[in-house]
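> make a model of this:
(2 chains)
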Amino acid sequence: MPLPDDPRIDPGLLAQREVERLPPGLFEWRVAEVVQLASSRNGRAHPRLSKHGRWQDEVIAREIEPGARVLDLGCGDGQLLERLQREQKVQGQGVEIDAKAVLAATLRGVSVFQADLGEGLRRFPDGSFDVVILEETLQTLAKPRLMLGEMLRVGRRGIVSFPNFAHWRVVVNLVAHGRMPVTERLPYPWYDSDNIHPFTLQDLLDWVDASGVRIVAGHSFAEGSVRALRPEDNLHAEEVLVVVERK
Amino acid sequence: MNLAPAHAGIHSRLASSGPGSDQNPRPSREPLGSVGSTKAKTIRLVTADAPFGLELGGRIGPIDVEYETYGTLSERRDNVVLVAHALSGDAHAAGWDTNAQDTGRLWRTRKPGWWDAVIGPGKAIDTEKYFVICPNVLGSCYGTTGPSSVDPTSGPTSPTPYGLRFPKVTIGDWAELHVRLLDTLGIDRLYAVVGGSVGGQQALEMALRFPDRVERTIIMAASARLSAQGLSFNAVGRTCILNDPHFLGGDYYGKEPPAAGLASARMLAHITYLSDEGMQEKFGRRLEAGTLAPSGGFGVEFAVEGYLAHQGKRFVERFDANSYLYLTRAMDYYDASVWGGGDITEACRRIQARVLIVSFDSDWLCPPESCRDLALALIKSGKKVTYANVSSRFGHDSFLLEPQTVAGIMNGFLAN
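Prediction:
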C-alpha cells in the first residue's frame, strides 16, 4: 500500500477503485457490455477518424465567443488559432515547444510563445485569458494535473480534448491482445508514444468532481460522428472534448 | 567641420597600420541577394542654434547623423524598416561600401555590411519589398556626432574634439534622434523596427516612446534592461580604457590612442558574445599555430588567445575608446520599465506594435530567461507576442551568425 500522506494519492479514489467495492453485479454488467460490443462490431468497418479531420477545431470554433482572449497550449502550427482569429476575431496567443511549429505558426500570422509546457504556466498571470485550450495535449504532459490547475488559473474557461483510453476498442485490444493499444489516433507503440499519461473520460470526471470545477459543455467523437457527450460515453467515445470552468 | 577632424585621427592610424594595402576582394559580379554598392548619407539633423535636449539633461548641437538606405520607399511611405545597430555597429548594414577608401574605413573593403546575411533582395528583410534605413547612433564614431567630433565651443582657431566633454547620451536619445530623421525624410510610420543586442533595446524603446508610429518590433538577444552580470562586463571594459596611460582623460585625439585598454575591453566583450560550447568547438585547448609546446611564458600560446588578441587589435583599428565609454553607459542606463514607473508590465501597455522577441539558448550575456521575461510582461499587459528561443552555439552573436534560422522567423513575422 502506498503511503497515504503522499500528496499525489487520494485515499478516497483508491478505495473506490478496488474491484470488489463495485456495487453488486456492476462488474459483470460492464464486462458483458464490452464483450457484446466487441462481438457485434467485429468484422464491421471501423469508422475512420481521419475523415473527420480535427473535429475538435469545429467544436471549439462554436464554443468560443467572438473577440475572446484565447490561449492555445501546444498550438502546433497554429491552424486552430489562425481559424479563430479569422472567423471569431479572437485575440489569440499560442504556446508551443517545437521550433519548426513556431516558425510555421508565425508564417500564418499567429503569435506563439516558445516554451515547454512541462514547466507549467507559472509566469503567466491569473485570469489573463477568457479561454485556455488544451487540444490533444494533456495526455502528453509530465504533470497533467498541474496543467489542469494552471489552465483554470490563467483562463476563465478551459477546453480540454483527449483520446479516451476507456473506449471499448482500446479495452478489448488490451484484454484480447494483452498489449497497449495501437490505433489510428494512438498510432505509436508504447515506447514511442507521446501519450505518457493515458486517461479516460471517467478519470477526467473524477478530477472535475475533486477540483471544484464544473463542466459547461461536452462533446464526443463516437461511432463515427461528433455528438453531445452522453452518460455511456466512457465506453463509447473515442475522443472527448469538454469545456470546464471553476464553480 | 562635422566629421573630418574626428575621423582624420582614425584614418591616419589605419593608413600607418598596414591594412591599406589590402586588395578589395569584392566580387566583380554581385552575389545573389546583395544590395550591391552602398554609400552612406550624412544629414545635419540638429543645428547649433537649436540644440537637441538630452534625456539626462544638457543640450547638444549641431548633430549630424550618418545613415544608409536600401530598397525603394513606396508611394504611400508604408514600407519602412528601421534597423538599429548594436554597440560597435554602424550605418553600413548591408552591401559593399563604395566610400571605404575615402573614409578610411578600410575593413569595409574586406567584408559587406554587418547584417548583409539578413538584408537584401529576397532575404529576410527583403529590399524588394521594404525600404530599409540604418542610422548610426549618437555618441558613436561612424559619422554620427560623438565624442570624437569637434566640440563647437572649442572655437574655430583650435577645433578640439569633445572627448569626455561630450554629454551623456541614452537609448532614448537615439530613438528621439532617429524619429527626427524619419520626420525629415517624410516618414510617419515604421512598418517595423528591428535590432539585436543594444539595437534590440533601441527597437523596444522606439515601440515604447512612439507607440503610434511603430507597427512591428523585432527584438533579438535583448531584454528590458541589463543584468548585474551585464553591467559588470561593461564596467570592466571601461576600466581597461580608463586605466590605459594613453587615455589622458579622453583627450588622446591626435596622439597615441588608448589602444591597449580598448583592445582589452573588446577581448572581454568578445568572450561574452560567444558561448563556451562555441569556443570549445572552434579552439578547444589547441595551441596557436607555430607554438610547438607551452613555453611557460605569458605571450599568446593557445589558439583562443591569438584569436582574442586579433579581435582586440582589429577593433582598435575601427573604434574610438571614448565612444566605447559612452555607448556602454547608454546600455547600462537603459531600463524599459521606466515607462511603467518601474513596472515592465505597465510599461508594455503602451506598446501598440506587434512584437517578435528572439533569444538564443547559448547567449549568456542576454540569457533566454531575460528575453522570455520581456515576452511574458507583454502577455501580462494583454499584448500578443511571438517569442522564439533559437538553438544555436554562437551565443549572443547568434543574431548575426544564424541568418538562416533568424531569417525564417523574421520573414514570417514581417509578412503578416
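
> in three-state terms, label residue B:133 for me.
At residue B:133 the chain is in strand, as set by DSSP: H, G, I helix; E, B strand; the rest coil.

> need the per-residue pLDDT for the closest residue to chain A within the stretch 51-200 of chain B.
Nearest to chain A in the stretch 51-200 of chain B, going by C-beta to the nearest C-beta, is residue B:124, at a distance of 12.1 Å. For every residue, glycine as well, the C-beta is placed using N, CA and C. Reading off the confidence values, residue B:124 has pLDDT 93.

> check which helix or strand the nearest residue to residue A:55 once chain neighbours are set aside maps to.
Among residues not flanking residue A:55 along the chain, residue A:226 sits closest, at 4.9 Å (C-beta to C-beta, 6 or more residues apart in numbering or on different chains). Assigned by DSSP states H and E, residue A:226 belongs to strand A:225-228.

> what does the following helix or strand past that strand contact?
Next helix or strand after strand A:225-228 toward the C-terminus (DSSP H and E): helix A:233-236. Outside helix A:233-236, the residues that touch it by C-beta atoms under 8 Å, 6 or more residues apart in numbering or on different chains are A:30, A:33-34, A:37, A:164, A:166-168, A:171, A:200-202, A:220, A:222-223, A:230, A:240.

> same deal with stretch B:227-235?
Taking C-beta under 8 Å, 6+ apart as the rule, stretch B:227-235 contacts B:226, B:268, B:269, B:272, B:328, B:329, B:331, B:332, B:365, B:366, B:367, B:370.

> same thing with stretch A:190-210?
For stretch A:190-210, contacts defined as C-beta under 8 Å, 6+ apart pick out A:10, A:13, A:138-142, A:144-145, A:148, A:160, A:162-166, A:180, A:186, A:188, A:213-215, A:220, A:233-234, A:237, A:240, A:242, A:244.

> what do you get for stretch B:375-389?
Contacts for stretch B:375-389 (C-beta under 8 Å, 6+ apart): A:69, A:91-93, A:99, A:102-103, A:106, A:111-115, A:123-125, A:128, B:224, B:344-349, B:351, B:354-361, B:368, B:371-372, B:409, B:413.

> before we move on, the earlier item: now the buried members of the contacts of stretch A:190-210.
Among the contacts of stretch A:190-210, those classed as buried by 16 or more other C-beta atoms under 10 Å in any protein chain shown are A:138-141, A:144, A:148, A:160, A:162-166, A:180, A:186, A:213, A:220, A:233-234, A:237, A:240, A:242, A:244.

> out of those, list just those in strands.
Counting by DSSP state E, the buried ones among the contacts of stretch A:190-210 place A:160, A:162, A:163, A:213, A:220, A:237, A:240, A:242, A:244 in strands.

> can you tell me which residues contact the last one?
What it means is residue A:244. Residues near residue A:244 by C-beta under 8 Å, 6+ apart: A:152, A:157, A:158, A:159, A:160, A:208, A:213, A:214, A:215, A:216.

> just the fourth one next, same as before
With contacts taken as C-beta under 8 Å, 6+ apart, residue A:213 has the following neighbours: A:152, A:207, A:244, A:245, A:246, A:247.

> what helices and strands are in contact with the longest helix along chain A?
Longest helix of chain A, by residue count under DSSP state H: helix A:26-41. Packing contacts for helix A:26-41, counted by 3 or more C-beta pairs under 8 Å, 6 or more residues apart in numbering or on different chains; DSSP states H and E, involve helix A:168-172, helix A:233-236.

> one more pass at 7 Å, please.
Packing partners of helix A:26-41 (3 or more C-beta pairs under 7 Å, 6 or more residues apart in numbering or on different chains; DSSP states H and E): helix A:168-172.

> buried ones in the helix it packs on, by neighbour count?
Within helix A:168-172, judged by 16+ other C-beta under 10 Å, the buried ones are A:168, A:169, A:170, A:171, A:172.

> likewise stretch B:208-220?
Neighbour-count burial for stretch B:208-220 flags B:208, B:209, B:210, B:213, B:214, B:215, B:216, B:217, B:218, B:219, B:220 (criterion: 16+ other C-beta under 10 Å).

> could you do stretch B:290-301 as well?
Buried, per 16+ other C-beta under 10 Å, within stretch B:290-301: B:291, B:300, B:301.

> would you mind measuring from the spatially closest residue to the residue of the stretch 51-200 of chain B closest to chain A that is not a sequence neighbour to chain A?
Of all residues not flanking residue B:124 in the chain, residue B:407 sits nearest, at 3.5 Å (C-beta to C-beta, 6+ apart). Separation of residue B:407 from chain A (C-beta to the nearest C-beta, to the nearest Å) stands at 10 Å.

> how far out from the middle of the chain is the one helix or strand residue B:407 maps to?
When elements are assigned from DSSP H and E, residue B:407 belongs to helix B:403-415. Taking C-alpha atoms, centre = their mean, to the nearest Å, the mean C-alpha location of helix B:403-415 is offset from the chain mean by 20 Å.

> all set, thanks.
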